[in-house]
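Undergrad: here is a sequence together with a model predicted from it:
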Amino acid sequence: MSSRIIISSNRSLPSRLTQSRKLISTSGVSSPARKAFISSTTTSSASTAFAQQPQQPTSDEMPIAIKTAAQWAEFGRDHVCHGLGRLRDHVVVKGDGLDLYTADGKKLLDFTAGIGVTNLGHCHPHVSRAAAEQVNSLVHLQCSIAFHAPYLQLIDRLLPAMPHESLDQFFFWNSGSEAIEAAIKLARQATGRQNMIVFSGAYHGRTMGSGALTRSKPIYTQGTGPLMPGVFSSAFPYWHQLGVAPSTSEEELVRLAEHQLDLILRQQVNPKDVAAIFIEPVQGEGGYVPAPPAFLRHLRDVCDKHGILLVIDEVQSGFFRTGSYFAIEQLVPELRPDVLVFAKGVANGFPISGIASNKELMGKLDVGSMGGTYSGNAVACAAGIAAQEVYQTGEIGQNVEVRSKQLYKVLNGLAQGEKTKHLIAQVRGMGLMASIEFRNTADPCTLEGVPAGTAIPQNIGKRVQQYCIDHDLLVLTTSCFDTIRFIPALTVNEEQMDRAMRIFTEAVENVAREG
Ligand SMILES: Cc1ncc(COP(=O)(O)O)c(C=O)c1O
């Protein structure tokens, strides 16, 4: 394993290029990160260079300046697209289960799992091994040239996992947004209609089509319009979206949301012009809000009545995140999606996404209308097959059940505790897709039940998150409301959950104390 990036003929390279090829020192990389990284089988030269001492150069190698972790971070701030937000400027060199190791020797407990991607933990050995083996047999075969074996084997593995037996044809792409684009294309081609209905708080991606369906925050598309036209947004049955109190009954939330949808179909768009209704069964970027089963049933009825397709977006909620393969299995076991969209957890970090639909609908697509250079990449498919093998042992689902009880016990304890209850508006979620929403004086709905005159601290979520990160626990916020979400790898063990909950509890109590 070389610790150097070797430039063979320096003299012929432009100076700008030789300047950018640097040897990287581990001075500043303390032992846990180094040791862990060295024991890994990864041989990527750039990352390896973080972990090894540079050797003396030979005459045909060019030693160039050394960068510390801080300098790499500075380099990143300089050269990585400014439009990309970041929680922290850590330079991560290794992931192992729920642990992340940084170039400057920190070990972080990762409760973000790449935003619900590494469901089996970083570098799950079975998945990584399968990908490594695939690399030596076939890396890429463009999907319009021929079938390749991992593509077909992944479908074979996914078929029995589908939440409805009608979902028997697949198209793979790379990201969740692309899979949403595929669903839009399928919906338009199959129905001959153009319009889509989505829900307030929805997140379906950032591309021009998927971004048009996104309604959780303006930042994802602001300044980039006009987006895809013909998208109508109705209220998700979540108290914020309906301007009611958190204690509003599920029945009432459903009634109000159904009423809003009915108005849209009577006042704004004729149902016969609607191609599809898109919904996340558990809204992700909208605040980790599960859809009430009655609402999902109602959508199925509306779709059946008007020939509209029901597209279920399980990009974030799929692959045991909520305790079952797909969230809709728990919410409405008999629900038949016309299209299921998946990504993230399918290959535990290897980029692959997809849609599943039925033969009749897929049969309406023009041959050649679907495709993409990397879609269904062989290495990602091999990783996906291995991930399904792990999911299908049943152990992951069992772990989610036990560990989510441990998690909700702490969150509910905080929501009821004398010291902290005036900070918390709601605890919600399914399985290990959980969130806690804090009260916000600017948002009167969240102040339900607080005795008059109680002082509510400002920016609770941000302050809690800051404390957690300062104590080496990575957690994310979600939505435009003051909410922290928990999405650890589904392999999280008792000690890790306990440690995370201790830090989180201290964080909330700290804000309560400071006021
Ligand atoms: C429900 C949902 N749909 C679609 C997407 C878009 O996926 P990607 O970021 O891979 O494009 C996301 C991403 O977070 C998501 O949560």
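TA: Yep, it's here. Numbers count the residues shown, from 1 in each chain.
Undergrad: where does the stretch 201-350 of the chain have low pLDDT?
TA: Judged against pLDDT under 70, the stretch 201-350 of the chain has no low-scoring part.
Undergrad: same check on the chain?
TA: Short version for the chain, where the test is pLDDT under 70: 1-65.
Undergrad: for the residue lying closest to H90 once chain neighbours are set aside, list each beta-bridge partner.
TA: Of all residues not flanking H90 in the chain, T102 sits nearest, at 4.5 Å (CB to CB, 6 or more residues apart in numbering). Any C-beta I mention is one placed from the backbone N, CA and C, and that applies to glycine too. Beta-bridge pairing for T102 (DSSP bridges): V92.
Undergrad: so who does L473 touch?
TA: Going by CB atoms under 8 Å, 6 or more residues apart in numbering, L473 touches L108, L109, F111, R499, A500, I503, F504.
Undergrad: if you set the cut-off to 7 Å instead, what comes out?
TA: Shown in contact with L473 (CB atoms under 7 Å, 6 or more residues apart in numbering): L109, F111, A500, I503.
Undergrad: got the phi and psi for the second one?
TA: Torsion angles at F111 (phi, psi; degrees, to the nearest 10) stand at phi -100, psi 30.
Undergrad: how many residues are close by it?
TA: By other CB atoms under 10 Å, the residues close to F111 number 25.
Undergrad: residue contacts, it?
TA: L473, L474, V475, F486, I487, P488, A500.
Undergrad: which one of those residues is nearest to E165?
TA: E165 lies nearest to I487 out of the contacts of F111, by CB to CB, at 29.2 Å.
Undergrad: for that closest one, give its distance to the ligand.
TA: In this view, I487 and the ligand are 10 Å apart by CB to the nearest ligand atom, to the nearest Å.
Undergrad: start the count at 733 instead of 1 going forward.
TA: Done: numbering now begins at 733, and the last item shifts to I1219.
Undergrad: helices along the stretch 833-982 of the chain, start to end?
TA: Applying DSSP state H, counting those that start in this stretch to the stretch 833-982 of the chain gives helices spanning 845-848, 857-867, 881-890, 908-923, 940-945, 971-974, 982-995.
Undergrad: so for the ligand, which of those sits nearest?
TA: helix 908-923 (2.1 Å; CB to the nearest ligand atom).
Undergrad: hmm, the closest one in reach of the ligand?
TA: Yes. Counting by CB under 6 Å from any ligand atom, the ligand is contacted by helix 908-923 at G908, S909, I912.
Undergrad: what is the burial count for the last one?
TA: By the measure other CB under 10 Å, the count of residues near I912 is 30.
Undergrad: name the nearest residue to it, ignoring sequence neighbours.
TA: Excluding its sequence neighbours, the residue lying closest to I912 (CB to CB, 6+ apart) is S942, at 3.9 Å.
Undergrad: check contacts around that neighbour.
TA: Applying CB under 7 Å, 6+ apart, we find S942 in contact with S909, I912, E913, H936.
Undergrad: and the residues you listed, which two are the farthest apart?
TA: Farthest pair in the contacts of S942 (CB to CB) is E913 and H936. Separation: 9.5 Å.
Undergrad: what's the residue nearest to N906 when sequence neighbours are not counted sitting at in phi/psi?
TA: Setting aside the residues directly before and after it, N906 is nearest to P1083 in space (CB to CB, 6+ apart), at 4.7 Å. For P1083, the backbone dihedrals are phi -80, psi 100 (criterion: degrees, to the nearest 10).
Undergrad: what parts of the protein come near the ligand?
TA: Residues of the chain lying near the ligand (CB under 6 Å from any ligand atom): 847, 907-909, 912, 935-937, 1012, 1016-1017, 1045, 1047-1048, 1075.
Undergrad: mind doing that once more with 5 Å?
TA: Contact residues (CB under 5 Å from any ligand atom) of the chain with the ligand: S907, G908, S909, H936, G937, E1012, G1016, D1045, V1047, Q1048.
Undergrad: looking at the residues you listed, which are in strands?
TA: Of the positions in these, D1045 sit in strands, assigned by DSSP state E.
Undergrad: Throw together a PyMOL command that grabs the buried residues out of the residues of the chain next to the ligand.
TA: To isolate the buried members of the residues of the chain next to the ligand in PyMOL, using 16 or more other CB atoms under 10 Å:
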select buried, resi 907+908+909+936+937+1012+1016+1045+1047+1048
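Undergrad: now, which of the residues of the chain next to the ligand sits nearest the ligand?
TA: G908 (2.1 Å).
Undergrad: next, count neighbours for the residue nearest to E913 when sequence neighbours are not counted.
TA: Closest residue to E913 in three dimensions, ignoring its sequence neighbours and counting by CB to CB, 6+ apart: G941, at 4.8 Å. When neighbours are counted by other CB under 10 Å, G941 registers 21.
Undergrad: pretty sure G941 is touching K917, no?
TA: No. Judged on CB atoms under 7 Å, G941 makes no contact with K917 at a distance of 8.2 Å.
Undergrad: quick revisit: what about the residue nearest to N906, how many residues close to it?
TA: Applying the criterion other CB under 10 Å, we find 18 residues in the vicinity of P1083.
Undergrad: my guess is it contacts W905, does it?
TA: No. Using CB under 7 Å, P1083 is not in contact with W905, being 9.2 Å away.
Undergrad: pretty sure D836 sits against Q803.
TA: No. Contact criterion CB under 7 Å: D836 and Q803 do not qualify, at 10.7 Å.
Undergrad: now do the contacts for the residue lying closest to M1094 once chain neighbours are set aside.
TA: Distance criterion CB to CB, 6+ apart; nearest residue to M1094, sequence neighbours excluded, is Q901 at 4.2 Å. Going by CB under 7 Å, 6+ apart, Q901 touches A1088, S1089, N1090, K1091, M1094.
Undergrad: so Q901 bridges to which residues?
TA: Bridge pairing for Q901 - DSSP bridges - gives S1089.
Undergrad: distance of it from the ligand?
TA: 20 Å.
Undergrad: next: F964.
TA: Distance, F964 to the ligand, using CB to the nearest ligand atom: 18 Å.
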